[in-house]
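In: Build me a model:
(chains A, B, C and D)
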There are 2 protein chains.
Amino acid sequence: MNPDALRGHMDALLLSVLEHQPLHGYAIIEALQERSGGALSVPTGTVYPALRKLERTGLLASEWATVGGRKRRTYRLTDSGRRQLEGERSAWREFTAAIGGVLRPGTGAARPSE
Amino acid sequence: MNPDALRGHMDALLLSVLEHQPLHGYAIIEALQERSGGALSVPTGTVYPALRKLERTGLLASEWATVGGRKRRTYRLTDSGRRQLEGERSAWREFTAAIGGVLRPGTGAARPSE
DNA sequence: TTGTATGCATAGATAGCCTACATATAGAGA
DNA sequence: TCTCTATATGTAGGCTATCTATGCATACAA
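Out: Now for the predicted structure:
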C-alpha cells in the first residue's frame, strides 16, 4: 500500500474504529489492521499524534486507565466526533466516486452508469 | 473535496485519462473535471509538473504541436505507462477495500461480507 | 483595450504522514 | 539473572506530493 494514499483519510479511520467501543491507541492500531484485512499497518508515530489532535479538536475524549500494570489512554467518540464521522463517510463516498469515475476502464468518455 | 485526499492517486488519474487518447495538459484538466462529475479541480501547478515527472520516468511521452496559433504539448501513454495503469487500478481496488473495510458502518468487528 | 479562455511552466509554501528514537512494564524462556 | 518479545505511549525531525501564487503568451469577444 502506497503510504501516501492514506493522506487525508486518517481521521476517518480513527473515528470509525471508535464508533462502537472505546479503545486505547495500541488496540486502535490492531483494530485497523484487522478490519482492513491486514492491509493497514499504521505506525505509532502516526496514530498517537493523530489521536491527540482529534482530542484537541473535540472529536475524541480520553481517560487514563491501568490494566495489568500498564497505563493506557482510552479514547472514545464525542457527540461532535460522531457527527464528524458521518461527514467523513459521505466524503469518502464522494471521493471514491470521483476517482473511480476517472479510473474506471472504458471508452475514455464519462460514463454515468456502469 | 479535501485536497490531501488526492495524494498518491494523481499518477493513476493522469494515466487513466490518457488511456484511450493522447491529450495536452489543459485538456487533461478538463477531462478530469468532466469524468469525475465536476468533483476534481486539479490546478495547473499540480498537473504540469506531474506530467513532466511521468514523462521523465518513462510512463508518458510527449510531442509539441501548434493548434490555432497556440503551442500544446500532447502526452500519450507508453507501453510502460499502460502496464503501470493496470497496477494503479489494482492498487486502487486494494486501497478502497482496505479503507472501506474500516469505514463501513457496522458492529465494530470485521465483517467479511455485507 | 480590456477581459476571458486557452495553454505551459516554475518557485516556494504547506501539511500530513513516516522514520527513528526514547521510555517503561510484563512475562516467557534460557 | 539476562534477554527477548509483546504491550503501551510519546516526540522530534524529515520527507514529499500537492497547492498557491505568479509569470508569460496567444486568440478572440465585447
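In: So which residues of chain A form helices?
Out: A:10-17, A:25-35, A:44-56, A:79-103 (DSSP state H).
In: and the end-to-end length of stretch A:2-12?
Out: The straight-line separation of the ends of stretch A:2-12 (C-alpha to C-alpha, to the nearest Å) is 18 Å.
In: Near DNA strand C, which residues of chain A are found?
Out: Applying the criterion C-beta under 7 Å from any atom of the strand, the portion of chain A that neighbours DNA strand C consists of A:3, A:6-11, A:42-46, A:49-50, A:68-70. (C-beta placed from N, C-alpha, C; glycine too.)
In: now those residues: which count as buried?
Out: When burial is judged by neighbour count using 16 or more other C-beta atoms under 10 Å in any protein chain shown, the buried members of those are A:6-11, A:42, A:50.
In: which of the helices of chain A sits most buried?
Out: Greatest average neighbour count among the helices of chain A goes to helix A:10-17 (a mean of 23), per mean count of other C-beta atoms under 10 Å in any protein chain shown.
In: Which strands or helices does that one pack on?
Out: Under the contact definition 3 or more C-beta pairs under 8 Å, 6 or more residues apart in numbering or on different chains; DSSP states H and E, helix A:10-17 sits against helix A:25-35, helix A:44-56, helix A:79-103, helix B:79-103.
In: Would you mind giving the ones you listed as a markdown table with distance to residue A:17 added?
Out: Shown next, in a markdown table, are these (distance: least, C-beta to C-beta, whole Å):
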| stretch | distance to residue A:17 |
| --- | --- |
| helix A:25-35 | 5 |
| helix A:44-56 | 10 |
| helix A:79-103 | 10 |
| helix B:79-103 | 6 |
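In: need those helices in JSON lines with mean pLDDT and distance to DNA strand D, can you?
Out: What follows is the helices and strands packed on helix A:10-17, written out as JSON lines (pLDDT from 0 to 100; distance: least, C-beta to the nearest atom of the strand, whole Å):
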{"stretch": "helix A:25-35", "mean pLDDT": "97", "distance to DNA strand D": "3"}
{"stretch": "helix A:44-56", "mean pLDDT": "97", "distance to DNA strand D": "3"}
{"stretch": "helix A:79-103", "mean pLDDT": "96", "distance to DNA strand D": "11"}
{"stretch": "helix B:79-103", "mean pLDDT": "96", "distance to DNA strand D": "11"}
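In: of all those, which lies closest to residue B:36?
Out: Among those, the nearest to residue B:36 by C-beta to C-beta is helix A:79-103 (4.1 Å).
In: Run through who's touching the closest one.
Out: Contact partners of helix A:79-103, identified using C-beta atoms under 8 Å, 6 or more residues apart in numbering or on different chains, comprise A:9, A:11-12, A:15-16, A:18-19, A:54, A:58-60, A:77, A:110, B:1-2, B:5, B:9, B:12-13, B:16-17, B:32, B:35-37, B:39-40, B:88-89, B:92, B:96, B:99-100, B:103, B:105.
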